[in-house]
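[1] kindly return the folded structure for what I paste below:
(chains A, B, C and D)
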4 protein chains.
Amino acid sequence: MTLKIGVIGTGAIGEDHIRRCMQALSGAEIVAVTDVNLDRAREVAGKYAPGVKVPDDGESLIALPEVEAVIVTSWGGTHARYVLEAIRHKKYVFCEKPLATTAEDCLKIVEAEAAYGRRLVQVGFMRPYDTGYRALKSLIDKGEIGEVLMIHAAHRNQRVGANYKTDMGITDTLIHELDVFRWMLGDDYVSAQVIFPRSSSKAMAHIRDPQIVLLETKKGIRIDVEIFVNCQYGYDIKCAVVGELGEASLPMPPAVELRKSAALSTEIMTDWKERFIAAYDVELQDFINGVKADALNGATSWDGYCASVAADACVRAQETGQIEKIDMTARPSLYGG
Amino acid sequence: MTLKIGVIGTGAIGEDHIRRCMQALSGAEIVAVTDVNLDRAREVAGKYAPGVKVPDDGESLIALPEVEAVIVTSWGGTHARYVLEAIRHKKYVFCEKPLATTAEDCLKIVEAEAAYGRRLVQVGFMRPYDTGYRALKSLIDKGEIGEVLMIHAAHRNQRVGANYKTDMGITDTLIHELDVFRWMLGDDYVSAQVIFPRSSSKAMAHIRDPQIVLLETKKGIRIDVEIFVNCQYGYDIKCAVVGELGEASLPMPPAVELRKSAALSTEIMTDWKERFIAAYDVELQDFINGVKADALNGATSWDGYCASVAADACVRAQETGQIEKIDMTARPSLYGG
Amino acid sequence: MTLKIGVIGTGAIGEDHIRRCMQALSGAEIVAVTDVNLDRAREVAGKYAPGVKVPDDGESLIALPEVEAVIVTSWGGTHARYVLEAIRHKKYVFCEKPLATTAEDCLKIVEAEAAYGRRLVQVGFMRPYDTGYRALKSLIDKGEIGEVLMIHAAHRNQRVGANYKTDMGITDTLIHELDVFRWMLGDDYVSAQVIFPRSSSKAMAHIRDPQIVLLETKKGIRIDVEIFVNCQYGYDIKCAVVGELGEASLPMPPAVELRKSAALSTEIMTDWKERFIAAYDVELQDFINGVKADALNGATSWDGYCASVAADACVRAQETGQIEKIDMTARPSLYGG
Amino acid sequence: MTLKIGVIGTGAIGEDHIRRCMQALSGAEIVAVTDVNLDRAREVAGKYAPGVKVPDDGESLIALPEVEAVIVTSWGGTHARYVLEAIRHKKYVFCEKPLATTAEDCLKIVEAEAAYGRRLVQVGFMRPYDTGYRALKSLIDKGEIGEVLMIHAAHRNQRVGANYKTDMGITDTLIHELDVFRWMLGDDYVSAQVIFPRSSSKAMAHIRDPQIVLLETKKGIRIDVEIFVNCQYGYDIKCAVVGELGEASLPMPPAVELRKSAALSTEIMTDWKERFIAAYDVELQDFINGVKADALNGATSWDGYCASVAADACVRAQETGQIEKIDMTARPSLYGG
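    Just a heads-up that it's a prediction; the model follows:
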């Protein structure tokens, strides 16, 4: 019972998911790929899945009868279109984040899926599949630190390219925290504030970096997240959850402990792609297993919508310097509303 | 050349300083003690310095010709009176924090000392004498992390008594951070904001606990300090300084690493008195040496004033929920203005 | 090109490998299973690979034309027989450790494979597939700690069953270190000594526990390994490699850092099966990929032989209390001799 | 009641103890100093204790009526002579390690003191005054790890001078471990073995470095200590005590945690003098207090003798390669025999 998958978008992440399905995961195979650049699609197909179909566009791929599930890894602006089309065909679809580039488009997907009445969509937020976050959530759920009161977090990149803008600190960077904290806490955001410390001289002059995002949840939990995308020293993700009884922190990736040259040290990664590499495998395997079992587990389109609404409020807060409200529409019953 | 010291106030901290001078430190002796409760003064004198004079009040003690330096460890409300009297007698005075209970009184001391023209006053902020903070400052000063951009800090007590009020989170608890960050950064505060997460159910109902204080400095450094005085698990002081090149964190006190019962653990102190116990010795020895050398090194009365002004703004911010400005008067030249 | 595998032995580890091939790994499927207990074989087959052949014995399974590769997970005493039979059929074979229960039988396999002229056998030593050991070896190979001089190691189990004997401290427990250190150092053992501290009162009276094994290599590297199989607190594997320039230590498995009840702690595993669980996946996937590429990478039958000879010497050293020599036969050219 | 102390030997350690008594400790003063080089004695006296007597030799100093206690920090070969002379004068004496350069001379001191019938001698082993070792012993004494079974230890120096010989690995380096383990365990050694790994190319050619010393105690505890005095990376002291219930390790000195240049690191000291600097203060203050209370607490002359006998056996073991017995004479009742 090998699951037959079609992939729309053969950029870096698309290629990686194709390799995963063909060489690392169990129970799936790629049967069709396409891309806005068809030569690129053929090249990637030839590398990992020679002989598969390469239809002219995403819609054609989704329509192929042998395609049982779709992976959308095209450019963000096209996500909503393909996800909606997959829902129309009643086909399971794994869509890389963001689900859509606007909250309105996210909501359209939510409504289409809710109208269909069963989950078809999984959004590619991989952190809930990371063993560290899972261990953290498990410990919280067991009540080990009591009721959660605060989260202190940081998302640091070694450096970013010239095309990075200050608002991408929210939409590209913080977006992972926005999703994973909702998942970890089972809670929703109600307000956001953004504080700008003086900027690092190592950052491009056109951006504000670092920035600190303050979030408030329905339960009154307060979250501060430092976003610092030119921290110079490495890719470093911190998350300390403070509860009534104690504090629990995300483990660092394991690393050899070295005593050398008057220092005891462990290496910090510099490449973000390595940090959650195992989580990507687990995530996509879970999608494959979920499709086969007719029961998806990963991030829902509702989660994608909520992350989008929260991100919009954070971007507004960057501009206004004020505390911005985060208002969601009513949660459809399909998502536990 | 043993320095002859008189002590005003023989409560817990006063008794401790008397013991220090008589049994632990070098080059000083206690020659007079007094207290609002003279029986208590006589009892403590008998324990550590039998035969010393026990004058009726602080003013009489300060006036004694054999008293070369004064330690003020009386109730906070009386600090300003005794410090001003010591200055009037041109005697060195070590005053436990707070220097005074209002910024106005602090300023009076600053002005009296500035008028005298030489330093006579050292305020009892002991954290700058802690080896951990000193190592942190040394590393910052050497430029190891580049220009400082942010500080993430926490001040956690296991629990507090029933008489603790929410504003004491500032005046009794945060006050140490307010001083030590100024010292560490060589910078001044310009604004403060306070955020209240939902309160811990382990805290008394009449207080808000935890609270998060956000400070901004002249240089644009942003500081967040979690104050959590009923954290249940221990006395825990965290301070992570983020600069353009990296992050440096205050070391935890050394503790035996234990592998037992499915856990690798180190003990966290529960008694705050133990945490900076070595710093108290270094601080008072430095005062003794400073008096002998006619060159005090510790916190100045100006530092005491600045901490007081910042604390006032934080208390206002607790009440208003707004960002409150922190305005200092002009710094007298005696303090590097 | 799915690799068709037959499995001999459907005990715990056999079942686990079957599950791996069918549900977790890529590019392989189970086509036949057997066991000394045929009912058990059928039960496991039904669970993970319904409909596969269940021949009467290992020899019949190996002879099946559709079986392209064999996994031997039967009782240790039968390993040599099945591995030799697979070689006779020129089929790839993955044999769980030990390769054989005597050095003589290991040598027979080495000779059979050497006579055939190409590698067919991979021995199931999984630690070289563990990311921690790999990182450690990589750092050593890069010269980060200079020439290796010593290894300090420990292999601790929480507790063992009543059927555990003192010599199993070598043959079941140390055997992993014996293999992984050869791999990590590219070196061979020349002598062994065993020291018995007083035994733990928590260990069964009939065994000596802990014990310390001292190994010497050709290059003069000295290794001490504490074997303590009733350490009570957990499953804990330590390995510190000391070189001319520094020391590098095996990372502990990542774990949430918890501040609670006056302690900062991380969990230590108690179940050894969890410790190297990811390594098992990588190991078997590498076997599958290696078979397909006609180029096995894992432990060779020569490695299996060397581990066996070293273990024999350690068991002798337990009995004599003396330093026992470790002599290998000449290394066939197939294995780099 | 200031204790009046005379110091014999004004080399580096002697000068340091003089500074300690005059500037750091409480309740003592230096009243006489001498040295084989009288100019040096006068120079040091002038620096820290101007005007004190500078008698011509140690015997004259001991005989001075105002000298209430003696500190012996002269060259090791003269220790026994001065300590015996102090005992003859019934004066308290603090003798830097070693108590004497031969076990026979140590025994003479033991016998002289035992004949006198009360403790007069404290040997300068400072590790029992280190807060780390104290915390470790306290945890062991409380039964936290159950009965002790093993100690794994290391004593590493960054590098040593050209005059260092292989046997100094025992007499200068291991000697601290020989004392502190006896103190920590309340146990005695019965045998020693020494193993030489291949030597580091960074060590001088005339010495064997590293070396591993294996000790056995009366209770059957087994201890392995790596001595590595050219480890290049720093001064590093490790001590892990394994008991029936768990393992407890000596804390590292606290150090700022730095995230920089793709590494998380803490500094390791390179200067051994810094490592136990606080312990020296505590040790000498305890001697001063002990003299005043007529009740010394630190290492006894019996402890000095035991360390000497054990060191002799270790040096023999270096030469023979065999397991060497460690035999003590009967313990006089003064020392708990």
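[2] residues from chain A in reach of chain C?
    Counting by CB under 8 Å from any CB of the partner chain, chain A comes close to chain C at A:22-27, A:131-132, A:135-136, A:139, A:144-145, A:245-261, A:266, A:278, A:285. C-beta here means a position set from N, CA and C on the backbone, and glycine is covered the same way.
[3] now those residues: which count as buried?
    For the residues of chain A next to chain C, a neighbour count by 16 or more other CB atoms under 10 Å in any protein chain shown gives the buried set as A:22, A:24-27, A:132, A:135-136, A:139, A:145, A:245-260, A:266, A:278, A:285.
[4] sort out for me which of those are in helices.
    A:132, A:135-136, A:139, A:278, A:285 (DSSP state H).
[5] quick check, central residue of chain A?
    Nearest to the geometric centre of chain A sits residue A:125, at 2.8 Å (CA atoms, centre = their mean).
[6] among the residues of chain A next to chain C, which are in strands?
    In strands, judged by DSSP state E, the following of the residues of chain A next to chain C are found: A:246-249, A:257-260, A:266.
[7] now do the strands in the stretch 151-300 of chain A.
    A:189-195, A:211-217, A:222-228, A:236-243, A:246-249, A:257-260, A:263-267 (DSSP state E, counting those that start in this stretch).
[8] anything in the fifth one near chain B?
    Yes. Using CB under 8 Å from any CB, we find that strand A:246-249 touches chain B at A:246-247.
[9] does that strand reach chain D?
    No. Contact of strand A:246-249 with chain D (CB under 8 Å from any CB) is absent, the minimum separation being 13.2 Å.
[10] that strand pairs with which strands?
    Strand pairing for strand A:246-249, determined by DSSP bridges: strand A:236-243 (antiparallel), strand C:257-260 (antiparallel).
[11] again with the first one
    Each strand paired with strand A:189-195, and its direction, by DSSP bridges: strand A:211-217 (antiparallel), strand A:324-325 (antiparallel).
[12] quick check: end-to-end length of stretch A:142-150?
    In stretch A:142-150, first residue to last residue: 17 Å (CA to CA, to the nearest Å).
[13] which residues touch residue A:176?
    Counting by CB atoms under 8 Å, 6 or more residues apart in numbering or on different chains, residue A:176 makes contact with A:97, A:125, A:127, A:155.
[14] between these, which is nearest chain C?
    residue A:127 (14.6 Å; CB to the nearest CB).
[15] so among the ones in helices among the buried ones among the residues of chain A next to chain C, where is pLDDT lowest?
    Lowest model confidence among these falls on residue A:278, which carries 93.
[16] where's whichever residue of the stretch 1-150 of chain A sits closest to chain D relative to residue C:219, distance?
    Proximity of the stretch 1-150 of chain A to chain D (CB to the nearest CB) peaks at residue A:132, 15.6 Å away. Counting by CB to CB, to the nearest Å, the gap from residue A:132 to residue C:219 is 38 Å.
[17] re the thing from before, any chance of the strands of the stretch 151-300 of chain A in TSV, plus mean pLDDT and distance to residue D:45?
    Output for the strands of the stretch 151-300 of chain A, formatted as TSV (pLDDT from 0 to 100; distance: least, CB to CB, whole Å):
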stretch	mean pLDDT	distance to residue D:45
strand A:189-195	98	60
strand A:211-217	98	59
strand A:222-228	98	57
strand A:236-243	98	55
strand A:246-249	98	55
strand A:257-260	98	42
strand A:263-267	98	41
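[18] any chance of those in JSON lines, with distance to residue A:6 too?
    JSON lines is the format used below for the strands of the stretch 151-300 of chain A (distance: least, CB to CB, whole Å):
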{"stretch": "strand A:189-195", "distance to residue A:6": "35"}
{"stretch": "strand A:211-217", "distance to residue A:6": "37"}
{"stretch": "strand A:222-228", "distance to residue A:6": "35"}
{"stretch": "strand A:236-243", "distance to residue A:6": "32"}
{"stretch": "strand A:246-249", "distance to residue A:6": "40"}
{"stretch": "strand A:257-260", "distance to residue A:6": "45"}
{"stretch": "strand A:263-267", "distance to residue A:6": "39"}
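[19] of all those strands, which one is nearest residue B:306?
    The closest of those to residue B:306 is strand A:189-195. By CB to CB, the value is 22.3 Å.
[20] any idea how far the closest one is from the middle of the chain?
    20 Å (CA atoms, centre = their mean, to the nearest Å).
[21] get me the contact residues on the stretch 101-250 of chain A for chain D.
    Residues of the stretch 101-250 of chain A lying near chain D by CB under 8 Å from any CB: A:232-234, A:236.
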